[in-house]
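Enquirer: Below: sequence and its predicted model.
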Amino acid sequence: MPDPIHQFEVKRLIPLELNGIDVSFTNASLFMVAAVAIIFLFLMYASGGRALVPTRLQSVAETLYEFVAGMIRDSMGEQGMKFFPLIFSLFMFILTLNMLGMVPGFFTVTSQLWITAALALLVFLTVIVVGFAKNGVGFLKLFVPDGVPIYVLPLVSIIEVISFFSRPLSHSLRLFANMLAGHITLKVFAGFIVMLLGTAGTASLVAPLPFLAVLGITALEFLVAFLQAYVFTMLTCMYLNDALHPGH
Amino acid sequence: MSDNGRGAHHPKGEMSPEEIAEFKRRADQLGQKIGGTKSEKQAEIEAQEDRARHNRGMAMGLRMSTELVAAILVGGVIGWGIDQGLGSTPWFFLIFFILGFAAGILNVTRGFQRMQAEIEQEKRSLADKPVPADQDEDDA
């Protein structure tokens, strides 16, 4: 049976070293560059026409814009729109990487914990910086909920702090775990087909069963690929909203 | 009928009963036609909203599953770190493990409260919407 973990191996394509730090150009780097190039070319081409009655591609780009803009307006209101560039970039980057991962033989960058952790930390640090820049010390109100008696306040504050620091972890783990698990499941079920056919006996007759499973899981994985990009973006909006209005 | 006959029985600008009946029949036909198209559109929109709601529910489920685990992990790691610093194993780990659990429950409850608020807001905006197409016909 083929090793289901093999597909997640990061390979050095162009080994590089900078001051003793490994900065090799890997297959993960390659797919990230490809994703950025795809997003850039697609949006440039799609919005190039600027037709009043949009062409098919232009309306796809407009739908994507409206989708993210609507998400921001719903969670943060109009003033959240200044984070639009960050949030739209995150959404498009994750969505494209997830979708690229669905192409057979392609590398799934979002199944690398360090990538998702870096993205989550980017959001986390943005929230902290924006929170303190906007509210000063008032940002700490996030850890002091309203209407809590003073004698349980220390306990509640500790719990709030833990809850706050669990955000980047759950933010990155969710994307990573979903992509990893989905791709392993696909590989394992696909492996069953080969194994069953390989027996060449009566067992090979049930080979279509895992094939049907693979078919269904593939459809599900496309949904998950989109949903995970959506969830990541939605949570980014929610966290940034806390930075704008602490003490909810 | 002739202009003459109409002028004789009705003042100017009014229609005979037959004409009124005929007009009503045509208006009803048109109303039914429009209503049919509208309700088809309505059903389509409702199906779309249903799908969106289903997807949102799934997104919510995917979200909540990790919230709890992450908070427990963070609590445990903080406690373990303090223990390493103070050499008080395992007391701070145990305390912060429980606090992490509390934080996890808090995360999940907050998430669901938010979802509940969203659903209620949606319901309210649905109630504010104008009456659906098939119910606004006052000619009966």
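Expert: That came through, no problem. Residues are numbered from 1 along each chain as shown, chains lettered A, B, ... in the order given.
Enquirer: drop to CA atoms for contacts and neighbour counts, all remaining ones
Expert: Fine.
Enquirer: all helices of the chain, in order?
Expert: Went with chain A since none was named. A:27-48, A:56-76, A:84-101, A:113-135, A:153-199, A:208-244 (DSSP state H).
Enquirer: that's the other chain; I wanted chain B
Expert: B:3-9, B:17-86, B:91-128.
Enquirer: ok, residue A:173 - contacts?
Expert: Taking C-alpha atoms under 8 Å, 6 or more residues apart in numbering or on different chains, we find residue A:173 in contact with A:113, A:116, A:117, B:66.
Enquirer: re earlier: mean pLDDT for the helices of chain A - can I get that in a markdown table?
Expert: Output for these, formatted as a markdown table (pLDDT from 0 to 100):
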| stretch | mean pLDDT |
| --- | --- |
| helix A:27-48 | 93 |
| helix A:56-76 | 91 |
| helix A:84-101 | 96 |
| helix A:113-135 | 94 |
| helix A:153-199 | 91 |
| helix A:208-244 | 92 |
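Enquirer: And these: which comes nearest residue B:117?
Expert: Between residue B:117 and the helices of chain A, the tightest spacing by C-alpha to C-alpha is seen for helix A:56-76, at 12.1 Å.
Enquirer: Quickly note the distance from the residue positioned nearest the centre of chain B to residue A:213.
Expert: Centroid-nearest residue in chain B, with C-alpha atoms, centre = their mean: residue B:122, separated by 4.5 Å. Distance check for residue B:122 against residue A:213: by C-alpha to C-alpha, to the nearest Å, it reads 37 Å.
Enquirer: And residue A:107, by the same measure?
Expert: 22 Å.
Enquirer: Tell me, how many residues neighbour residue A:191?
Expert: A total of 17 residues lie near residue A:191 under the criterion other C-alpha atoms under 10 Å in any protein chain shown.
Enquirer: Near chain A, which residues of chain B are found?
Expert: B:55, B:59, B:62-63, B:66-67, B:69-71, B:73-75, B:99-100, B:102-104, B:106-107 (C-alpha under 8 Å from any C-alpha of the partner chain).
Enquirer: if I pick residue A:159, what's in contact with it?
Expert: Residue A:159 touches B:99, B:100, B:102, B:103, counting by C-alpha under 8 Å, 6+ apart.
Enquirer: whoops, residue B:52 was the one
Expert: Contacts of residue B:52 (C-alpha under 8 Å, 6+ apart): none.
Enquirer: picking that back up, apply the buried test to the residues of chain B next to chain A and list what passes.
Expert: B:59, B:62-63, B:66-67, B:69-71, B:73-75, B:99-100, B:102-104, B:106-107 (16 or more other C-alpha atoms under 10 Å in any protein chain shown).
Enquirer: Between the contacts of residue A:173, which sits nearest residue A:55?
Expert: residue A:116 (34.1 Å).
Enquirer: Report the contact partners of that closest one.
Expert: Contacts of residue A:116 (C-alpha under 8 Å, 6+ apart): A:110, A:172, A:173, A:175, A:176.
Enquirer: What pLDDT is listed against residue A:247?
Expert: If you check residue A:247, the pLDDT there is 65.
Enquirer: now swap in residue A:147 and tell me
Expert: Reading off the model, residue A:147 has pLDDT 83.
Enquirer: Tell me how far it lies from residue A:157.
Expert: From residue A:147 to residue A:157 the distance is 13 Å (C-alpha to C-alpha).
Enquirer: Neighbour count for those two, which is higher?
Expert: residue A:157 (18 against 7).
Enquirer: mind checking how far that one is from chain B?
Expert: Residue A:157 is 10 Å from chain B, where distance means C-alpha to the nearest C-alpha, to the nearest Å.
Enquirer: do the same with residue A:26
Expert: Distance from residue A:26 to chain B, by C-alpha to the nearest C-alpha: 29 Å.
Enquirer: Next, format the contacts of residue A:173 as CSV and append distance to residue A:132.
Expert: Below are the contacts of residue A:173 laid out as CSV (distance: C-alpha to C-alpha, whole Å):
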residue, distance to residue A:132
A:113, 28
A:116, 24
A:117, 22
B:66, 27
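Enquirer: Relative to residue A:63, which of these is nearest.
Expert: Closest to residue A:63, out of all of these and judged by C-alpha to C-alpha, is residue A:116, at 25.4 Å.
Enquirer: so who does the closest residue to residue A:94 other than its chain neighbours touch?
Expert: Using C-alpha to C-alpha, 6 or more residues apart in numbering or on different chains and skipping residues adjacent in sequence, the residue nearest residue A:94 is residue A:229, 5.6 Å away. By C-alpha under 8 Å, 6+ apart, residue A:229 lies in contact with A:91, A:94, A:95, A:98, A:175.
Enquirer: In these, which residue is surrounded by the most others?
Expert: Neighbour-wise, those (other C-alpha under 10 Å) top out at residue A:175, 29 neighbours.
Enquirer: which residue packs closest to that residue, ignoring adjacent ones?
Expert: residue A:228 (6.0 Å).
Enquirer: ok, so what distance separates the one you found from residue A:173?
Expert: From residue A:228 to residue A:173 the distance is 11 Å (C-alpha to C-alpha).
Enquirer: try residue A:84
Expert: Counting by C-alpha to C-alpha - residue A:84 and residue A:173 are separated by 24 Å.
Enquirer: Number of residues surrounding residue 33?
Expert: In the absence of a named chain, chain A is used. Residue A:33: 12 neighbours (other C-alpha under 10 Å).
Enquirer: that's the wrong chain, I meant chain B
Expert: Neighbours around residue B:33, by other C-alpha under 10 Å: 11.
Enquirer: And for the one 5 residues further on?
Expert: Other residues near residue B:38 number 15, with proximity taken as other C-alpha under 10 Å.
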